[in-house]
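S.K.: My questions concern the predicted model and sequence given below.
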Amino acid sequence: MQVIVIQNQVERALKALKRQLIKEGLFKELKSRRFYLKPSVKKKIKIKEAQKKRKAAKRRAKSVWN
């Protein structure tokens, strides 16, 4: 991963880097690895996230058709 700093705009470059890291899921991964989670808890979290994604996709599809 590479972010180019143009005309000493370091804050802008940092913002772009953070955006890329969020998009790749690095912060989410770090947060999940902070503590040990039992496999059953991991499974429940995964199911909840899938439901959340489905709900958001449904909402987006609904707004496109209206």
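M.R.: Sure thing, it's come through.
S.K.: Tell me how the protein divides into domains.
M.R.: When the chain is parsed with automatic domain parsing, its domains come out as 1-35, 36-66.
S.K.: Just send the ones you listed back as JSON lines, with mean neighbour count too.
M.R.: (Glycine included, C-beta is placed from N, CA and C.) JSON lines is the format used below for the domains of the chain (neighbours: other Cβ atoms under 10 Å):
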{"stretch": "domain 1-35", "mean neighbour count": "10"}
{"stretch": "domain 36-66", "mean neighbour count": "9"}
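S.K.: Now render the ones you listed as TSV, adding mean pLDDT.
M.R.: Below are the domains of the chain laid out as TSV (pLDDT from 0 to 100):
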stretch	mean pLDDT
domain 1-35	91
domain 36-66	91
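S.K.: ok, longest helix in this structure?
M.R.: Longest helix in the chain by number of residues (criterion: DSSP state H): helix 39-65.
S.K.: can you give me the offset of it from its chain's centre?
M.R.: Relative to its parent chain, helix 39-65 has a centroid offset of 13 Å by Cα atoms, centre = their mean, to the nearest Å.
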